[in-house]
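In: Pasting the sequence and the predicted model now:
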Number of protein chains: 2
Amino acid sequence: MPLELSSADADFAARFATFVEAGRETATDVSAAVSGIIADVRQRGDAALFELTRRFDRTDVTTLRFTEAEISAAKDQIEPDLRAALELAAERVRAFHVGQLPADHDAVDAAGVRAGWRWSAIDDVGIYVPGGLASYPSTVLMNAIPAKVAGVRRLVMTTPTPGGEVNPLVLYAASLAGVDEIYRVGGAQAIAALTFGTDTIRRVDKITGPGNAYVAEAKRQLFGRVGIDMVAGPSEILVVADSAANPDWLAADLLSQAEHDRVAQAILITDNADLAARTAKAVNAALDELDADVARESWARFGAIITVGSLDEAPALIDALAPEHLALSIADPQAMFARVRHAGSVFMGYRTPEAIGDYLGGPNHTLPTGRRARFSSGLSVADFMKRTTFLDCSAEAFAAIGPAAARLAKAEGLPAHALSVTRRLG
Amino acid sequence: MPLELSSADADFAARFATFVEAGRETATDVSAAVSGIIADVRQRGDAALFELTRRFDRTDVTTLRFTEAEISAAKDQIEPDLRAALELAAERVRAFHVGQLPADHDAVDAAGVRAGWRWSAIDDVGIYVPGGLASYPSTVLMNAIPAKVAGVRRLVMTTPTPGGEVNPLVLYAASLAGVDEIYRVGGAQAIAALTFGTDTIRRVDKITGPGNAYVAEAKRQLFGRVGIDMVAGPSEILVVADSAANPDWLAADLLSQAEHDRVAQAILITDNADLAARTAKAVNAALDELDADVARESWARFGAIITVGSLDEAPALIDALAPEHLALSIADPQAMFARVRHAGSVFMGYRTPEAIGDYLGGPNHTLPTGRRARFSSGLSVADFMKRTTFLDCSAEAFAAIGPAAARLAKAEGLPAHALSVTRRLG
C-alpha cells in the first residue's frame, strides 16, 4: 500500500518531513570490489577486460569493438515504424539541444580591461549504456546527441552484452546519434577502460550515462581524474493533479515511473480527495492489467498519495521533494511552475505525460534524482563543453588597476605575485 | 634545477609525454580518517565540531558563529588603501560575473510543442575558506560573489582559525561579498557540518571552495549527497614567451605560481634560447631576492623550460598540458588563443600578469588544475544555479508525436510509459 498523507492531519508536517528524508538508495558497499576492478584494468588493460567480461557478463568476447558491419546490420533488424520513431526522436532531441549551445563573451570595460570567455567542446567523451533489461536506445540518444551537438570529436560508447545479447535498437540509436566507436564491455571495468585507456579503447576526457551500483561507484572513485556527469539514483515522479484530471491517465503516469525500478518512486499530490481515491483504484487496476511486478513493488513500498486542502500548498511540498520529474496535471500549470523552485523537468498540463519527454519531447531525460534538483541540472550541451576565460589589459588599464592587485598580493603574503605586477608598473 | 627540454632533441616527444603524465598530487590516503570525521559530525553534531576543532586547530572555540560585531570590527583593522583595493576587487569581480547570468529559453517548435528551460539559484550554499597560511580574502570574493550574483538566498562560510588566529581581511571580504553566516570551523568536519547540518550550522545544498587533502576527500565522499564544485589539485602556470618578452617579468610570473605550493608547477615555453637562459637566470635572482623557500622547491622539482623551434609548435604542447593558467607573453596573443583548445584561463599579452586575474581582473580565479581544463571550467555564476527544463504539448502536438513515443516505450519494454500516451490518444 502506498503511503497516504493529508495536510489536514495534525502530524502532517512531521510525517511529510520523514517521507522527504527517507532514502531509497541502497547502501551496498561495492567500493572494495570496484577499486580492485579499476586497478586490474589499469594494470592489465584488454586482458582484464576480456576476463572480467567473461566473469560478469557470462560471455566470451573475442573482439571488444563492434564492427561497422555489425552496426549497420542492426538497422535491418528493426521494424520500419520503430525505426521511424527512433529517427523522429533523434531529430527532435537534436533540435532542442542545438538551442543550448552557449554563447561566447568578449567585452572591454570602463577601465579598459578586455575580458570574457570562450566555449569549446571536450575532445573525447565516453558514454555508458547499460545492457540487459535496462538497455535503452533513448539513453543513447539523450547522451550522445548533446555531445555531438557540442562538437565532441570522438564519442565512444560502451555497453555490456550479458549472455552475448545485443540490442539492435541501441546500436542503431548510436549510429543515428553519430557515436564514433562502440565497445561490448560494461560495469566498473568499462569506466576504468575509458579513464585509463587500454590497447583497444583509447581513453576519454569525460564519461556520462547511467549504470548500476558498480558503474556509479567507479565513476565516483575516478571523478576528478576524468570528468563525470553526476551521481544518479533511482528515478521518481511527482504528479500534481486537480479535480479535472483523469484518474486513468494519472495512474499510467505514476506507474510509468514505478515500472523503472523496484526503488523508483511515484507521488501524487491533489486537492481532491475523490480524485485521490479514484486514482488509487485506477493504479491497482492498471497494475493488474499490466501484470507489472516491478511497478507493483515500487508503488507499494515508495508510492504516496498526498491530499492537500488547496493547491496553494503544493509549491512548498514540491520544493521539499525537489522531484526529478514534476507533472502538473492542472488547469494552470504555468502559474504553478512560476511558484516552484526545485525540479529537474516539468511536464505541463493534462496532455504532456512524462513519457513524451522520456523519448522525443526535446529536453534531456537525464535528470537529477533523489532531491538533487536542489543543486544540479539535467544533462545539457554545456556538459560536453568547457569554458576558457581570458583577460587582456591595455597599458592604461594595467596602470589603473595594477597597484591594487599588488597591494592585495602583499597582504596575502604572496611577494612574487606582487612582483609580477610592480615590475610591469616600472 | 627545473627540467629543460628542447623540441629539437631526438627524444623530445617521449620526454614531453612523460612530463605531461607526471602527477604532482600527493597520494596520501586520508579516506579512512575522513570517513570517521564525517560519521562523528553526522552523529554528534556541534559536540563533534568543538572537539575536532580543539584537536586539529589547537584552539578552544566556545561559539562557532562569528558575531556581527566581530565581523564589523574586522573592517577597522584593515589599512584604508588595502580596504580600497579589496573593494575595487569586489566591484570588478561582481561586474564580470553579472555578465554570466544565464538566459532562460521558452519556444514553440513546428510540431506545436512548447519546450525550454528556466534557471534558478540554489537556495543554500556553503563556501569553504582555508585558514592559516593560505587564508586569502580573494578566495572569499571569488566564491561568494558569483553565488550572490546567482541569487543564492543563504550563503554560509566556514573557515578554521588555527591557534585562534583570525584573518580580518577574510572577514571583511565576506561582508563585502554578502556572506550571510560565518563559522570558525575547518577541515573535513566543516564539510560534514555543511552537508548534514548541526544544531548551530544549518545544512546547505552545495559546497564550493579550496581546501587541504582532508577537505578534498570529504567533498569527494559527500559528492552527490551535496553539490560540490570540483576536485582541485596544486596550481600551475604555463607561460609562452617570444623574444620581445621581458625575462624579469617572466621570472616573476613563473614564481607567482611556484610560491603557492611546494607542488605547484611553472612552465616556460619559448622559441628563443637566449630568452630561456636569461629567464632561468632571472628566476634564480628573484628567488634570492625574495628568499622564497616554497617557490624555490616548486621550481626545482616541477618547473620546466621548453624551447621550441617555432611558436607554431606551442598550441599542441599547450593542449597536452591543458594548463590552469596560460600566460601569452607574445606579440599576437589573440592568434595563439585561437589555436588553443584546453586552458582554464588565458592572460593575453605582455601587460597582463596572472596576478591581475587572481585578484581583480574580473574572471574567476577558481580554475581546473592538473589537466582538468580538458573537461571542466572555472567557477562561474551557473555553478550556483540549476536549470529546470519544461515541456508543454498542445492537443495537436500530442496527437502528432504521441504515437512515436508509445512505439518507443513498447520497444523498450515499458508498458506503463506506453499506456500513459495511448490512454491520452484515446
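Out: Received it, and whenever you're ready, just let me know what you need. Numbering: from 1, shown residues only, chains lettered A, B, ... in the order given.
In: Regarding whatever residue of the stretch 1-150 of chain A ends up closest to chain B, what is its secondary structure?
Out: Closest residue of the stretch 1-150 of chain A to chain B, C-beta to the nearest C-beta: A:A85 (3.9 Å). C-beta here means a position set from N, CA and C on the backbone, and glycine is covered the same way. Classification of A:A85 using DSSP: H, G, I helix; E, B strand; the rest coil returns helix.
In: which ones are touching it?
Out: A:359-360, B:403-405, B:407-408, B:411 (C-beta atoms under 8 Å, 6 or more residues apart in numbering or on different chains).
In: Any chance of those residues in a markdown table with distance to B:D123, secondary structure and neighbour count as columns?
Out: Listed next are these as a markdown table, based on distance: C-beta to C-beta, whole Å; DSSP: H, G, I helix; E, B strand; the rest coil; neighbours: other C-beta atoms under 10 Å in any protein chain shown:
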| residue | distance to B:D123 | secondary structure | neighbour count |
| --- | --- | --- | --- |
| A:Y359 | 32 | helix | 30 |
| A:L360 | 32 | coil | 26 |
| B:P403 | 40 | helix | 16 |
| B:A404 | 38 | helix | 22 |
| B:A405 | 34 | helix | 28 |
| B:R407 | 40 | helix | 22 |
| B:L408 | 36 | helix | 28 |
| B:A411 | 40 | helix | 20 |
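In: residue contacts, the residue nearest in space to the middle of chain A?
Out: By C-alpha atoms, centre = their mean, chain A has its centre lying nearest to A:T366, at 2.8 Å. A:T366 is in contact with A:142-143, A:208-210, A:229, A:232, A:378-379, counting by C-beta under 8 Å, 6+ apart.
In: Of those residues, which is the most crowded?
Out: Most neighbours among the contacts of A:T366, by other C-beta atoms under 10 Å in any protein chain shown: A:N143, with 31 neighbours.
In: can you pull the contacts of the residue nearest to it when sequence neighbours are not counted?
Out: Residue nearest to A:N143 in three dimensions, not counting chain neighbours: A:I127, with 4.2 Å by C-beta to C-beta, 6 or more residues apart in numbering or on different chains. By C-beta under 8 Å, 6+ apart, A:I127 lies in contact with A:140, A:143-144, A:147, A:155-158, A:179, A:207-209.
In: So which other helices or strands are in contact with the host helix or strand of A:A400?
Out: Element membership of A:A400 [criterion: DSSP states H and E] is helix A:395-411. On a contact count with 3 or more C-beta pairs under 8 Å, 6 or more residues apart in numbering or on different chains; DSSP states H and E, helix A:395-411 meets helix A:415-425, helix B:80-98, helix B:137-150, helix B:354-359.
In: how much does the first one deviate in direction from helix A:395-411?
Out: So the one you mean is helix A:415-425. Counting by axes from the mean of the first three to the mean of the last three C-alpha atoms, to 10 degrees, helix A:415-425 lies at 150 degrees to helix A:395-411.
In: quick one: helix A:415-425 to helix B:137-150, angle?
Out: Going by the same axes, to 10 degrees, helix A:415-425 makes 80 degrees with helix B:137-150.
In: Just read off the phi/psi values of A:E181.
Out: Per-residue torsions, A:E181: phi -140, psi 140 (degrees, to the nearest 10).
In: That one: how many residues sit nearby?
Out: A:E181 has 17 nearby residues by other C-beta under 10 Å.
In: if I pick it, what's in contact with it?
Out: Counted by C-beta under 8 Å, 6+ apart, A:E181 has contacts A:65, A:154-157, A:201.
In: For those residues, which single residue is the most surrounded?
Out: Busiest of the contacts of A:E181 [other C-beta under 10 Å] is A:M157, holding 27 neighbours.
In: List the contacts of that residue.
Out: Going by C-beta under 8 Å, 6+ apart, the list of residues near A:M157 reads A:126-129, A:140, A:144, A:174, A:179, A:181-183.
In: Equivalent analysis for A:F96, please.
Out: A:361-363, B:109, B:115.
In: rerun at 7 Å
Out: A:362-363, B:115 (C-beta atoms under 7 Å, 6 or more residues apart in numbering or on different chains).
In: Out of these, which is nearest to A:A251?
Out: A:P363 (24.1 Å; C-beta to C-beta).
In: For the lowest-mean-pLDDT helix or strand in chain A, name the packing helices and strands.
Out: Here the helix or strand of chain A ranked lowest by mean pLDDT, DSSP states H and E is helix A:213-222, holding a mean of 91. Here helix A:213-222 touches helix A:31-44, helix A:187-196, going by 3 or more C-beta pairs under 7 Å, 6 or more residues apart in numbering or on different chains; DSSP states H and E.
In: Can you give the distance of the helix holding A:A400 from its chain's centre?
Out: Distance of helix A:395-411 from the chain centroid (C-alpha atoms, centre = their mean, to the nearest Å) equals 44 Å.
In: quick check: angle from it to helix B:80-98?
Out: 120 degrees.
In: what comes into contact with helix A:395-411?
Out: Under C-beta under 7 Å, 6+ apart, the answer for helix A:395-411 is A:111-113, A:417-418, A:421-422, A:424-425, B:81-82, B:85-86, B:88-89, B:138, B:169, B:351, B:355-356, B:359-360.
In: which among those residues end up buried?
Out: A:111-113, A:417-418, A:421-422, A:424, B:82, B:85-86, B:88-89, B:138, B:169, B:351, B:355-356, B:359-360 (16 or more other C-beta atoms under 10 Å in any protein chain shown).
In: what residues does stretch A:278-285 touch?
Out: So stretch A:278-285 is contacted by A:247-248, A:250-251, A:254-255, A:268, A:299, A:305 (C-beta under 7 Å, 6+ apart).
In: Could you give me the ChimeraX selection string for whichever of those are buried?
Out: Buried members of the contacts of stretch A:278-285, defined by 16+ other C-beta under 10 Å, are picked up in ChimeraX with:
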select /A:247,248,250,251,254,255,268,299,305
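In: The contacts of stretch A:278-285 in strands, which ones?
Out: Taking DSSP state E, the ones among the contacts of stretch A:278-285 that sit in strands are A:268, A:305.
In: Make a markdown table out of the contacts of stretch A:278-285 and add distance to chain B and pLDDT.
Out: As requested, these are exported to a markdown table (distance: C-beta to the nearest C-beta, whole Å; pLDDT from 0 to 100):
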| residue | distance to chain B | pLDDT |
| --- | --- | --- |
| A:P247 | 10 | 98 |
| A:D248 | 6 | 98 |
| A:L250 | 9 | 98 |
| A:A251 | 8 | 98 |
| A:L254 | 8 | 98 |
| A:L255 | 4 | 97 |
| A:L268 | 14 | 98 |
| A:W299 | 10 | 97 |
| A:I305 | 17 | 98 |
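In: just the contacts of stretch A:278-285 now: which is nearest A:V340?
Out: Of these, the one sitting nearest to A:V340 (C-beta to C-beta) turns out to be A:L268, at 16.2 Å.
In: show me the residues around that closest one that make contact.
Out: A:239, A:241, A:250, A:254, A:276, A:279, A:305-306.
In: Of those, which is the nearest to A:V215?
Out: Using C-beta to C-beta, these come closest to A:V215 at A:L254, 27.5 Å.
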